[in-house]
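Sequence and computational prediction follow.
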Amino acid sequence: MSKKIDRLSLELPSDVFGVLREFLTANDFLQLCHVSKIIYMETRPHKFYYLNRFLSLEFCFNENLRDIVRRSLIMDKQLSLNLSSCRNVVDVSALGGVHSLDLSWGVNVTDVSALGGVHSLDLHCCNISDVSALGRVHNLNLSSCRNVVDVSALGGVHTLNLSGCRNVIVVSALGGVHTLTLCVCDNVVDVSALGGVHTLSLGDCNVTDVSALGGVHTLNLSGCDNVVDVSALGRVHLTHSSQS
């Protein structure tokens, strides 16, 4: 059972965490989307220490939320935390202990060096550039992170989405990734090192030579108009759906 609390169902007073006490039973999911009065979560830490009992917390679209638990009050290895579109969140250094973390559209998040221990991490459309600390993340979404250039540290990631990362050029370190999405990565032309990838999406890339990809299980070449010779792909399952 889940509790959903938003501006449509409840007019929240300034002491939002005091109000929440009556909802904190044995529920494993709490949604606090569009609650504009949540600004500083560390101002009164005793007010929300009990949020630790939840397995899923959503604070998405709270554009006034600025600081998210610098004192490490939400540090559960089983916790899924959604901060999507919390555009004023800057410091996420205390969140490296959560299981799943959604920071998509967090335009002011630039330092993710503390998040290497997160299992599933969504950084879609963040203004990050240094991803060297994220090589142990299991599922990593960097789609449309256009400041990312160097992905050499990400060879150990299981599922990696780099779609729309237009400044990525060299992907030779990613041959060990299980599922790799490179759709609309205009500057990726050399995919000779990716023959060991299980599922590979190259939709709308400027690749020409796919002769090294005969060992790939599932390959998306939709929009790859420069690919002419596919003779090496006889055992590959070719798909044409967009996966960007």
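Done, it's in.

tell me the domain ranges of the chain?
Annotated domains of the chain cover 1-128, 132-244 [automatic domain parsing].

unless I'm mixing things up, residue 106 is touching residue 86, no?
Yes. The criterion here is CB atoms under 8 Å, and residue 106 meets it with residue 86 at 6.2 Å. Placement of C-beta: from N, CA and C, glycine included.

Residues in contact with both of these two, list them for me.
With contacts taken as CB atoms under 8 Å, 6 or more residues apart in numbering, residue 106 and residue 86 have no neighbour in common.

and the domains of the chain, which one is worst for confidence?
Here the domains of the chain differ in mean pLDDT, and the lowest is domain 1-128 at a mean of 65.

contacting residues for residue 148?
Here residue 148 is in contact with 128, 129, 131, 142, 162, 165, 167, 168 (criterion: CB under 8 Å, 6+ apart).

Where do the strands of this protein begin and end?
3-4, 29-31, 56-58, 80-82, 100-102, 120-122, 139-141, 159-161, 179-181, 199-201, 218-220, 237-239 (DSSP state E).

Let's have the ones you listed in TSV, adding mean neighbour count and distance to residue 191.
Listed next are the strands of the chain as TSV, based on neighbours: other CB atoms under 10 Å; distance: least, CB to CB, whole Å:
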stretch	mean neighbour count	distance to residue 191
strand 3-4	15	44
strand 29-31	17	40
strand 56-58	19	37
strand 80-82	21	33
strand 100-102	21	29
strand 120-122	22	24
strand 139-141	22	19
strand 159-161	23	14
strand 179-181	23	10
strand 199-201	24	8
strand 218-220	21	10
strand 237-239	13	15
